[in-house]
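In: My questions are about this predicted structure, shown below with the sequence.
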Amino acid sequence: MRVTGFAVALLTVFSFDTAAAQKGPSKPAAGLAGTWQLEKGKVNTDGPKTVVIRPDSSASWGKETVRWRLKSDQIMIALGGEWEIYKLKLKGDRMTLSGGDLTDPITLRRTGPPTPRPDSIPVPADPDT
């Protein structure tokens, strides 16, 4: 499922491994880890309202689990074997995403730590490998 716009939205991302995703000028992956609630913006009706981002490069909403990665000021989400790229602004416990399949920016608020990914649900494959 996509957040037609929100990843479709949230969070998986390119052809880096998790360690690579944490390097460079982007914010560390640990800074994104948490449970996030949609605060502002519109997503399609089947889009996620709550997203869990984990430091293992997985993210979940509803029954969907995706892979995410950071690159500079972007978050990339692997969904359906392709990457969707969003511009990312992170300030404290607020994250704003724009671009990609989103027609308008959305803002999420961190409401707590991430829940663990069940062992029975693997981190999805990297589309670039």
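Out: Looks like it arrived, so ask away. It should be emphasised that the depicted structure is a prediction, and the values quoted were computed from it without experimental measurement.
In: Below-threshold pLDDT in the chain: ranges please.
Out: Judged against pLDDT under 70, the low-scoring parts of the chain cover residues 1-30, 42-47.
In: Distance from the strand ranked longest in it to the middle of the chain?
Out: Secondary structure of the chain per DSSP state E: the longest strand is strand 82-91. The chain centroid and the centroid of strand 82-91 are separated by 7 Å, computed with CA atoms, centre = their mean, to the nearest Å.
In: Who are the packing partners of the following helix or strand past it?
Out: The element immediately downstream of strand 82-91 (helix or strand, assigned by DSSP states H and E) is strand 94-98. Counting contacts by 3 or more CB pairs under 8 Å, 6 or more residues apart in numbering; DSSP states H and E, strand 94-98 is packed against strand 82-91, strand 106-112. For the C-beta atoms, the positions are set from N, CA and C on the backbone; glycine is no exception.
In: at 10 Å instead, please
Out: Helices and strands touching strand 94-98, by 3 or more CB pairs under 10 Å, 6 or more residues apart in numbering; DSSP states H and E, are strand 34-40, strand 74-79, strand 82-91, strand 106-112.
In: buried ones in the longest strand of the chain?
Out: Neighbour-count burial for strand 82-91 flags Trp83, Glu84, Ile85, Tyr86, Leu88, Leu90 (criterion: 16 or more other CB atoms under 10 Å).
In: Nearest to Thr129 among those?
Out: When the buried residues of strand 82-91 are compared for distance to Thr129 (CB to CB), Trp83 comes out closest, at 12.2 Å.
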